[in-house]
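Asks: Fold the stuff below for me.
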Amino acid sequence: MSDGLVIIPTYNEKENIESIIHKVFSLEKQFHVLVVDDGSPDGTASLVKALFGEYTDRLFIQERAGKLGLGTAYIHGFKWALKRDYKFIFEMDADFSHNPDDLIHLHNACSVEGADLAIGSRYITGVNVVNWPLERVLLSYCASVYVRLITRMKIQDTTAGFKCYKRLVLETIDLDKIKFMGYAFQIEMKFTSWKLGFKLVEVPIIFTDRKLGESKMSSNIIKEAFWGVIQMKWNSFFS
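Replies: Sure thing, here's the model as predicted:
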């Protein structure tokens with residue numbers, strides 16, 4: 001039994017999903033993988049299930065009826081993990097923008113170095129982003145500056161989606177009260193963990209833009225993050 005579960009949400013990731021699963025299972029440390037698929041019409045779920053025989057009792061899938069959003073996919077995965085004995089629960093994208101090798105560094109930050117939430121950070125040692133257009137880099141970096149100004153969190157990469165949680169963090173957060181879906185979901189989870197007094201640590205990573213498949217970024221996700229941060233901060237005064 002592994003002590004770590006990697007949750008990978010998917011929607012139309014047939015170009016990447018088999019490779020990312022093989023890569024995670026090739027690492028020196030053993031992880032389990034849970035794919036949460038939102039009814040991908042491209043057959044992503046079928047590709048995952050075809051690997052069950054190769055990775056028996058290590059690879060799992062939860063299939064949902066449709067595209068319900070990144071945040072709800074992770075919440076679904078967190079609840080699935082908490083019904084089992086995992087001590088460390090990870091978030092990771094399917095598209096190799098997050099290097100699976102860094103799972104070990106995030107795990108060490110929590111299991112050895114005392115972090116409650118380890119964040120794979122693009123900005124803790126400069127701007128470590130590869131193959132993004134300049135406007136996307138500026139959007140992401142300025143978003144983190146904006147979030148720091150509003151929330152006062154001392155986190156350089158507030159929208160990061162490559163993370164390791166200690167089990168206690170997810171047991172303590174009321175997951176049913178987490179509201180947001182995209183960038184704002186990642187911010188809300190960090191902010192909630194921080195407000196509860198957990199130790200957040202940034203681990204430097206190099207983020208590489210996807211080579212295959214399509215980005216899920218949209219203007220609605222950006223709007224949710226902009227207004228959601230203000231709403232989240234305001235609500236924190238009363239909770």
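Asks: for the chain, which spans come out with low pLDDT?
Replies: 182, 210-222, 224-225 (pLDDT under 70).
Asks: Dump stretch 84-103 to CSV, keeping only the CA atoms.
Replies: The C-alpha coordinates for stretch 84-103 follow below in CSV (Å, rounded to 0.1, in the frame of the first residue of the first chain):
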residue,chain,number,x,y,z
ARG,A,84,-8.9,5.1,2.3
ASP,A,85,-5.6,5.1,4.2
TYR,A,86,-3.5,7.6,2.2
LYS,A,87,-1.4,10.0,4.2
PHE,A,88,-0.5,12.3,1.3
ILE,A,89,-2.8,13.4,-1.5
PHE,A,90,-1.5,15.1,-4.6
GLU,A,91,-3.0,17.3,-7.3
MET,A,92,-1.4,17.0,-10.8
ASP,A,93,-2.3,17.9,-14.4
ALA,A,94,-2.5,15.2,-17.0
ASP,A,95,-0.6,17.2,-19.7
PHE,A,96,3.0,17.0,-18.4
SER,A,97,3.0,20.7,-17.5
HIS,A,98,3.8,19.3,-14.1
ASN,A,99,6.8,17.1,-14.1
PRO,A,100,6.0,13.8,-12.4
ASP,A,101,9.6,13.6,-11.0
ASP,A,102,8.6,16.5,-8.8
LEU,A,103,6.1,14.4,-6.9
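Asks: quick one: that stretch to chain centroid distance?
Replies: 7 Å (CA atoms, centre = their mean, to the nearest Å).
Asks: Name the residues of that stretch that are buried.
Replies: 86-100, 102-103 (16 or more other CB atoms under 10 Å). C-betas here are computed from N, CA, C, even on glycine.
Asks: Tell me which entries of the residues you listed lie within strands.
Replies: If you go by DSSP state E, the buried residues of stretch 84-103 have 88-91 in strands.
Asks: ok, residues contacting stretch 111-126?
Replies: The contact list for stretch 111-126 (CB atoms under 8 Å, 6 or more residues apart in numbering) reads 3, 87-88, 98, 102, 105-107, 109-110, 128-129, 140-141, 144, 155-157, 160, 162-166, 168-169, 190, 193, 198-207.
Asks: May I see the buried residues of it?
Replies: 111, 115-124.
Asks: Helices - which of those land there?
Replies: The helices, defined by DSSP state H, take in S111 from the buried residues of stretch 111-126.
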